[in-house]
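Trainee: here's my sequence, what's the structure:
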Amino acid sequence: MTVMLPSVLAQVDELVQPEIRATLERIDERTRLVAGYQLGYWDAAGEPAGRGGKGLRPALALLSAQAAGQPVRRGLPAAVAVELVHNFSLLHDDVIDGDLERRHRPTAWAAFGIGPAILAGDAMLGLADEVLADDPTLDVRAGLSTMHTAIRRLIAGQAADVAFESRPDVTLDECLAMARDKTAALLSCSATLGAVLCGAPTALVDGLARYGERLGLAFQLVDDLLGIWGEPAVTGKPVLSDLRARKKSVPVVRALTSGGPAGDQLAELYARTGELSAADLGLAAELIEETGARDWTEKQADRLLTEALAELDQLGEPGSTGERSDVHADLVAIAHFMTGRDH
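Mentor: A predicted model of the protein is given here:
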């Protein structure tokens with residue numbers, strides 16, 4: 001099912017993307033070329049290539065500031081910072097995984113080399129700190145603490161993901177913990193950072209954090225499903241890409257630990273040396289589905305979405321300065337978009 005983009009994403013194009021472009025001017029020209037390519041602003045030669053990503057994380061950051069009763073522009077530092085951190089993680093992730101394609105074109109390291117891609121990621125991480133520290137009217141110390149906690153969790157999740165590739169005995173609980181750290185941590189940060197910087201009450205910040213954590217895990221489960229059954233023309237990744245890399249994603253681990261013959265056969269495929277053939281990859285996808293892991297993962301994503309929306313309902317109608325009175329509706333719309341996507 002294709003879900004329409006929430007209207008709040010237009011604010012990301014209007015307000016956040018120009019700020020990110022301006023922020024990139026702080027770094028050297030060579031690194032800026034790689035960073036802007038990663039963000040989708042230009043091609044490898046520096047020629048304009050259109051808008052960047054969909055901007056889901058910066059949209060959440062803008063809304064979190066508005067939920068605290070602040071004007072949308074007070075959320076700009078948070079929005080810019082989380083998008084920079086997100087793309088730092090993608091740059092390094094693509095290098096680690098050896099992925100050659102993202103968003104229907106070569107990954108940054110494939111286009112520029114490993115060294116330039118890593119340095120561009122490092123630069124974006126540093127810029128995220130600078131952006132938060134620039135505004136003395138914000139609670140910078142609390143904001144940096146929130147963001148750095150998410151970054152530490154993100155790194156721990158990525159480290160676990162890498163370690164799982166060589167481990168045959170990954171448990172489902174370990175896999176879910178990895179997904180929470182790798183993806184949900186930054187989504188939770190995105191949903192709270194604007195509010196934290198604006199000095200919002202603890203109860204509001206905690207509720208937004210729980211919303212973001214549950215939404216983030218649901219988002220990762222949907223991404224895991226797309227990594228196996230998504231359409232390459234839509235996802236921008238090769239068919240069966242996660243199985244080709246023998247990723248221990250949630251549906252895979254659920255299947256491997258199912259205890260039946262289909263799970264055992266999948267384990268045999270994953271234990272083979274050398275590349276898996278197209279027939280092997282197709283069989284692996286069928287085996288995962290046969291164990292019920294696909295259906296289970298879909299139901300878990302649905303449950304987590306319901307829990308995320310319940311957290312919003314418990315907060316009541318978030319505050320507003322009058323610029324927008326539908327913050328709650330926008331947070332709901334983003335949640336449905338992120339978990340109902342086919343992209």
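Trainee: for the protein, what helix or strand is lowest in average pLDDT?
Mentor: helix 232-235 (a mean of 69; mean pLDDT, DSSP states H and E).
Trainee: contacts for the next helix or strand after that one, please.
Mentor: Downstream of helix 232-235, the next assigned helix or strand under DSSP states H and E is helix 241-244. Defining contact as CB atoms under 8 Å, 6 or more residues apart in numbering, one finds that helix 241-244 is touched by D99, D224, G227, I228, P238, S249, V252, E275, L276, L281, A284, A285. C-beta: built from backbone N, CA, C; applies to glycine.
Trainee: let me see the mean pLDDT of helix 241-244.
Mentor: Here helix 241-244 scores 86 as its mean pLDDT.
Trainee: check which helices and strands the next helix or strand after it sits against.
Mentor: For helix 241-244, the following helix or strand on the C-terminal side (DSSP H and E) is helix 250-256. Contacts defined by 3 or more CB pairs under 8 Å, 6 or more residues apart in numbering; DSSP states H and E place helix 250-256 against helix 172-179, helix 202-229, helix 261-271, helix 278-290, helix 293-315.
Trainee: before we move on, the earlier item: hmm, which two among the contacts of helix 241-244 are most spread apart?
Mentor: Greatest spacing in these, by CB to CB: D224 and E275 (21.2 Å).
Trainee: more neighbours, these two?
Mentor: Ranked by neighbour count (other CB atoms under 10 Å), D224 and E275 place D224 first, with 26 against 10.
Trainee: list the contacts for T171?
Mentor: With CB under 8 Å, 6+ apart, T171 has these contacts: V253, T257.
Trainee: dihedrals phi and psi, it?
Mentor: Dihedral pair for T171: phi -90, psi 160, per degrees, to the nearest 10.
Trainee: and it, what pLDDT?
Mentor: In this model, T171 carries a pLDDT of 97.
Trainee: next one: D223
Mentor: D223 carries a pLDDT value of 94.
Trainee: burial count for the residue lying closest to it once chain neighbours are set aside?
Mentor: Sequence neighbours aside, T183 is the residue nearest to D223 in space, at 7.4 Å (criterion: CB to CB, 6 or more residues apart in numbering). For T183, the neighbour count with other CB under 10 Å is 25.
Trainee: does T183 touch Q220 like I think?
Mentor: Yes - with contacts counted by CB atoms under 8 Å, T183 reaches Q220, the gap being 4.0 Å.
Trainee: show the residue spans covered by the strands in the stretch 51-200 of the chain.
Mentor: 101-102, 105-106 (DSSP state E, counting those that start in this stretch).
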